[in-house]
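Trainee: the amino acid sequence is not available; the structure is as follows:
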């Protein structure tokens, strides 16, 4: 599974990356996690507010910080 964290480096973006990495590690998900900070690359996903979570090139969360449990539920579907 390909996971991308979209964000320019704000505290919420960094927190989303940290929580996502913890959820992947704790649950043994096989995933490649990438942090995307370039605003031009972020705009390709048609989001207007960060942070955003992209799984397999699909935006699943945008503009808010989800809980670890919510991230786990989303990743379980993939």
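Mentor: Perfect, I can see it now. As the structure is a computational prediction, the values presented were derived from the model and not from experiment. Numbers count the residues shown, from 1 in each chain.

Trainee: remind me which helix or strand the closest residue to residue 27 other than its chain neighbours belongs to.
Mentor: Distances taken as CB to CB, 6 or more residues apart in numbering put residue 72 closest to residue 27, at 6.1 Å, once the chain neighbours are dropped. C-beta coordinates here come from the backbone N, C-alpha and C atoms, glycine included. Assessed by DSSP states H and E, residue 72 sits inside helix 68-76.

Trainee: before we move on, what about residue 61?
Mentor: strand 58-62.

Trainee: what pLDDT, on average, does that strand get?
Mentor: Regarding strand 58-62, the rounded mean pLDDT is 97.

Trainee: report all helices and strands that it contacts.
Mentor: strand 52-55, helix 68-76 (3 or more CB pairs under 8 Å, 6 or more residues apart in numbering; DSSP states H and E).

Trainee: the first one pairs with which strands?
Mentor: In other words, strand 52-55. Sheet pairing here is set by DSSP bridges, and for strand 52-55 it gives strand 2-6 (antiparallel), strand 58-62 (antiparallel).

Trainee: one step back: pull the distance from the strand holding residue 61 to the chain's centre.
Mentor: With CA atoms, centre = their mean, to the nearest Å as the basis, strand 58-62 stands 8 Å off its chain's centre.

Trainee: ditto for stretch 9-16
Mentor: Relative to the chain's own centre, stretch 9-16 is displaced by 10 Å; criterion: CA atoms, centre = their mean.
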